[in-house]
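Asker: build me a model:
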Amino acid sequence: MANQLIDDVLNSTDIVDVVSKYVPLKRAGSNFVWCCPFHNEKTPSFVVSPTKQIFKCFGCWEGWNVISFVQKIERIDFWDAIKELAKNQHIDLEKYDINIKKVAADSDEKWKLKRMHSLAQNYFKEQLSKSKTATKYLIEERHIPQQLIELFWIGYAPDKHYELIQLLREKWFTDSDILEWSFAKKNANSEIYGFFRNRITFPIYDIMGNIVWYSARVINPEDKPKYLNSAEHKAFEKSKILYGLNFAKNNIKQHQKIIIVEGQMDVLWLARLWFPVWVATSWTALTEEHVKLLKRYTENIYLMFDNDNAWNQATQRALKLFYQQNIFPKTIHIPSQWKDADNLANEENGKTIFEQCLKESKDWFVSSYEALRQTFDMTSPIDKQKLINIMFELILSVDSLAIQEHYKWVLAEKLGFAYEILNAQFKKFKSTDWRLQIVQQSRRQETQKKENKFHLEREYLFVALFRNDNIKNYLWETKSASLISFAKLLTKAYPDSPLASTFNATCSEEESKKIEELTLRWDKQLDEIATPEKKHQVIIQTILPYIQNVLQLALKSPNLSNDEKKELLQIRKSL
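Answerer: Numbers count the residues shown, from 1 in each chain. Got it, this is the predicted structure:
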C-alpha cells in the first residue's frame, strides 16, 4: 500500500505545476528552464521535463522526481513530502492510513513525535489561557502582544509534576517515549515527573511547521537555568533547525535578507518592530548545516547580538562557517542606550531607529576587530599579536584570494600598519599555521572527490545515449549504428561497466536514476537542433574527452581481440 500511495502521488502530480510555485519556469522546447533554486547561478541550468516528470540542474547536479524536489526545497523528509503532495492533490490518506503510519514509524519516529508534540502544545496553550500570572508576564512584563502569542503558539507549562504525563499516557504513549522526548525526568526513586514546570513554552518548528521540540523560559528570575531545551533525539537534529524560519521563509525570499538573533524572545521583539526576516539559534551554536540552510534563502545575512555579548569563541567559529560558504555577513549594532531589541521595541520610534541600525550595519570582520580591541590590552605587544592572529585565522578561512587581500588591507588600516609589513607577517603565520595545512589537505581531498565525480558523470553521459535506444532518436541510422557498434565493443572490454549494464538491462535503481537525469540533459541540448548532422556534431564534441580516454584503455584490454581493437579504431575515425 505504501508503494501504491507513492505511485498515486506521482501519477496525479504535475512536476511543472509544483516547481512553478517556487521557480518562474520558462519554456524551452519541450522542457522548462530557469536558474536553479538550490545554488546561485546567472545562466539557467535547471531543467524540468513534463514528459519524463523529472527535474535536473546541470550546475549542482540536484535532480530526480517531484517528491525529491519538495524534499529538497522544503527541507523535509520523504514521507512528509509524500503527505504534502497528497494533500495538494486531495488524495485521501485514510485508505493507506495503517500502512503509511507503519512505514513512517518503521523508517523513523517523526510521525509519533509530531502527534505527541501536538497534544502537548494544546495542553500548554490551554494552561496559558488559564494562568493570569503567565499571561501578565508575557503581555505586561515582556510586552508581547496577544497577536504574536497566537502567531508563535506560545504556551505555559504549569508547576505541576504529573498532569501532562498522565495526558500523554492516556493517549497510549509509553513512559519511555515521554522521557526520550523531554516531557519528563526520573527522580532518585525512578519515578518520572514533569520536565517543564512554571515556564513559558516556545514550540520549535521544522521548516514545514511541525513542532519537533521545545524551549522553555523561566518566569521567576530566581529559577535556573534561564532556558530549558528538549534533548536532541533521533527524530530530528538541532543542528538543522532554526527558530522562526518556518514563519519567516517567505518574507526572507521577498526581502532578500535574514537577521539572526540568539533566542526566541529576540525573534518576538523583532516581530514587534515589524522586521519579519528573523531566525534564532535557540541558544545553540551555529552549525555548518544552519549556514547551508540559510544560504538557500539568501546570502544577505545580518547578525544581531546584545551589547554585552558582541564577541566570543562561538561567534568566531560561526564567522568561519559563513566564510567557508562564501557568505560575508554583517552585524547590527544597537546604540548603547538600548541594551537589546526589547528596549528598542518599547520606543515609540523603535522601528525607525532599527531601520537606521540596519543601514549602518558593519561587515562582521570589522565588527569582530572592534569587539576584540575591547577584549585585549592594545598597549601590550603580546595582546596585540593575539588579536592579529585571530584576525589572520578568519582571513585564512576565506576561499577567495581577492577577498583575503581586501581584509588584509582593512586590518592594516585599522592597526595603523603599512600593508607590506602586515602582509609579510601574514605569510609567516600562514606558513607555520598547522590548522591551515589541515584545511589545505581537506580541500585537496575535496578536489579529488569532485574530479572522480566528474569522470563518473562523463561515463554516465555517454551511457545515457544508449538508454532505450535514445541514440536512434537523435541521429540518422548510419551514424547511430556506428556509435552503437563502438559502444558494444566497449561493453566487451568492460563487462562490469554501467554501459554493459545498460545494454543488458541490468542497471541498478541508482544507475537508472542517474542515466534518466542525463538523458534529460541530452534532450535539452538536442531538442532545438534542426538537422541530424548538427546533432551528431554536438554529441561527438560532448563525449569526445570520454571516448579518447576509454579508447586508450580498451586498446589494452585482454577481453578484446586484435581484430576487435582494429575495428574500434576504424569506428573512431569514422565518427
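Asker: break down the stretch 201-350 of the chain into its strands, ranges please.
Answerer: Remark: strands assigned in the stretch 201-350 of the chain by DSSP state E, counting those that start in this stretch are 211-218, 227-229, 258-261, 278-280, 301-304, 330-332.
Asker: same thing with the stretch 351-500 of the chain?
Answerer: Under DSSP E, counting those that start in this stretch, the stretch 351-500 of the chain gives strands at 362-363.
Asker: returning to that earlier point: now render the strands of the stretch 201-350 of the chain as a markdown table, adding mean pLDDT and distance to residue 568.
Answerer: Where you see a C-beta, it was placed from the backbone N, CA and C, and this is true even at glycine. Formatted as a markdown table, the strands of the stretch 201-350 of the chain follow (pLDDT from 0 to 100; distance: least, CB to CB, whole Å):
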| stretch | mean pLDDT | distance to residue 568 |
| --- | --- | --- |
| strand 211-218 | 89 | 57 |
| strand 227-229 | 88 | 64 |
| strand 258-261 | 90 | 56 |
| strand 278-280 | 85 | 58 |
| strand 301-304 | 90 | 54 |
| strand 330-332 | 91 | 59 |
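Asker: now tabulate these in TSV and tack on distance to residue 421 and mean neighbour count.
Answerer: Formatted as TSV, these follow (distance: least, CB to CB, whole Å; neighbours: other CB atoms under 10 Å):
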stretch	distance to residue 421	mean neighbour count
strand 211-218	48	21
strand 227-229	46	17
strand 258-261	35	26
strand 278-280	41	26
strand 301-304	31	22
strand 330-332	28	21
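Asker: export those strands to a markdown table and tack on distance to residue 161?
Answerer: Output for those, formatted as a markdown table (distance: least, CB to CB, whole Å):
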| stretch | distance to residue 161 |
| --- | --- |
| strand 211-218 | 15 |
| strand 227-229 | 15 |
| strand 258-261 | 33 |
| strand 278-280 | 29 |
| strand 301-304 | 38 |
| strand 330-332 | 42 |
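Asker: out of those, nearest to residue 136?
Answerer: When the strands of the stretch 201-350 of the chain are compared by CB to CB, strand 211-218 sits nearest residue 136, at 14.9 Å.
Asker: partners of the closest one in the sheet?
Answerer: Using DSSP bridges, the strands paired with strand 211-218 are strand 199-205 (antiparallel), strand 227-229 (antiparallel).
Asker: re the thing from before, between the strands of the stretch 201-350 of the chain, which gets nearest to residue 142?
Answerer: strand 211-218 (9.2 Å).
Asker: ok now the closest one, how far from the chain's centre?
Answerer: Mean-position distance between strand 211-218 and its chain equals 23 Å (CA atoms, centre = their mean, to the nearest Å).
Asker: name the residues that touch it?
Answerer: Contacts to strand 211-218, defined as CB atoms under 8 Å, 6 or more residues apart in numbering, come from residues 110, 113-114, 117-118, 120-121, 153, 157, 181-182, 196, 198-206, 224-230, 232, 235-236, 238, 241, 243, 263-265, 282-283.
Asker: circling back: so which of the strands paired with strand 211-218 is the most surrounded?
Answerer: For the strands paired with strand 211-218, average neighbour numbers computed from mean count of other CB atoms under 10 Å are highest in strand 199-205, which has a mean of 24.
Asker: tell me what the host helix or strand of residue 564 is packed against?
Answerer: Element membership for residue 564 (DSSP states H and E) is helix 562-574. Here helix 562-574 touches helix 477-493, helix 532-554, going by 3 or more CB pairs under 8 Å, 6 or more residues apart in numbering; DSSP states H and E.
Asker: deepest of the ones you listed, which one?
Answerer: helix 477-493 (a mean of 17).
Asker: report the angle between it and helix 562-574.
Answerer: 140 degrees (axes from the mean of the first three to the mean of the last three CA atoms, to 10 degrees).
Asker: from now on call the first residue 40
Answerer: Let's use 40 as the start, then, which means that last one is helix 516-532.
Asker: contacting residues around helix 516-532?
Answerer: By CB under 8 Å, 6+ apart, helix 516-532 touches 501, 504-505, 510-511, 513-514, 536, 538-539, 542, 571, 575, 578, 586, 589, 592-593, 596, 598-599, 603, 606-607, 610-611, 613-614.
Asker: same thing but 7 Å
Answerer: 504-505, 510-511, 536, 538-539, 542, 575, 589, 593, 596, 598-599, 603, 606-607, 610, 613-614 (CB atoms under 7 Å, 6 or more residues apart in numbering).
Asker: just stretch 332-344 next, same as before
Answerer: Contacts with stretch 332-344, where a contact means CB under 7 Å, 6+ apart, come from 77, 114, 279, 281, 288, 291-292, 295-301, 361, 364, 366, 368-371, 400, 403.
Asker: the same query, at a cut-off of 8 Å, please.
Answerer: Applying CB under 8 Å, 6+ apart, the set of residues contacting stretch 332-344 from outside is 76-77, 79, 114, 279, 281, 284, 288, 291-292, 295-301, 305, 318, 354, 357, 361, 364-366, 368-371, 373, 380, 397, 400, 403.
Asker: just the buried ones from the contacts of helix 516-532?
Answerer: Neighbour counting with 16 or more other CB atoms under 10 Å marks 504, 505, 510, 538, 539, 542, 575, 589, 593, 599, 607, 610 as buried within those.
Asker: alright, calling it a day.
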